[in-house]
Every structure is written in structure tokens, then in C-alpha cells.
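Chemist: Give me the fold of what follows.
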Amino acid sequence: MRDKTQTNSAAPGDRLIRAGAVVFFLGAVATLVTVAPLLLGWKPFPTYMFGLSMLMGVGFLVAGAGVLRSVAAGRRQAREAAPGASR
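Modeler: Purely as a prediction, here's the structure:
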């Protein structure tokens with residue numbers, strides 16, 4: 001029996017996970033750029049630049065939402081595949 005899922009099909013939540021990873025990476029780069037002057041003894045960046053470091057947390061939350069959405073879709077698909085096993 002062949003699997004009906006195509007290899008290039010995107011599951012629900014995949015785009016959120018990818019977007020979260022990109023935002024997290026941007027936040028990580030912003031954190032390195034913001035902290036580097038403090039470690040090197042240079043003049044620190046303005047305060048609003050530290051807000052960009054918050055992108056790491058935002059990206060983590062977005063990716064987590066994507067994972068939860070994927071899990072929910074997988075559970076829903078499993079319930080539909082086995083209707084007698086549902087509670």
C-alpha cells in the first residue's frame with residue numbers, strides 16, 4: 001500500500017516553524033551585534049537596539065505555535081483514519 005502523502009507536501013504548521021526559525025536567527029544575530037560593543041569596550045548601541053534581541057523569543061514562540069499546529073493536525077488525521085478508536 002502506498003503512502004498518500006507526497007514527499008514535497010507541506011504539513012500544517014511547517015510555514016510557522018520555518019518563519020519562527022528565520023525570526024529566531026535574526027534575533028540571534030541582533031543579540032550578537034548588540035552585545036559585541038559591550039564586550040569589546042566600545043560605545044553601546046541605543047536602547048531600542050536591545051529590543052531587536054527580543055526577536056529570539058518571538059521566533060521561538062512562532063516556531064512553537066507551528067509545532068503545536070502540526071501536532072494537532074496529526075492527531076486530527078489519526079482520529080479520522082481510525083474512527084472506531086476515538087473516544
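
Chemist: For the rest of this, base every contact and every neighbour count on C-alpha atoms.
Modeler: Noted.

Chemist: the bottom helix or strand of this structure by mean pLDDT?
Modeler: helix 47-51 (a mean of 83; mean pLDDT, DSSP states H and E).

Chemist: Which is the succeeding secondary structure element to that helix?
Modeler: Note on helix 47-51: by DSSP states H and E, the next helix or strand toward the C-terminus is helix 55-81.

Chemist: Who are the packing partners of that following helix?
Modeler: With contacts taken as 3 or more C-alpha pairs under 8 Å, 6 or more residues apart in numbering; DSSP states H and E, helix 55-81 sits against helix 14-40.

Chemist: Summarise which helices and strands the helix it packs on is packed against.
Modeler: helix 47-51, helix 55-81.

Chemist: what sits against the residue nearest to Leu61 when sequence neighbours are not counted?
Modeler: Among residues not flanking Leu61 along the chain, Gly20 sits closest, at 7.2 Å (C-alpha to C-alpha, 6 or more residues apart in numbering). The contact partners of Gly20, by C-alpha atoms under 8 Å, 6 or more residues apart in numbering, come to Val58, Gly59, Phe60, Leu61, Val62, Ala63, Gly64.

Chemist: Can I get these in a markdown table including pLDDT and distance to Pro44?
Modeler: Putting these into a markdown table (pLDDT from 0 to 100; distance: C-alpha to C-alpha, whole Å) gives the following:
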| residue | pLDDT | distance to Pro44 |
| --- | --- | --- |
| Val58 | 95 | 23 |
| Gly59 | 96 | 25 |
| Phe60 | 95 | 26 |
| Leu61 | 96 | 28 |
| Val62 | 95 | 29 |
| Ala63 | 95 | 30 |
| Gly64 | 95 | 32 |
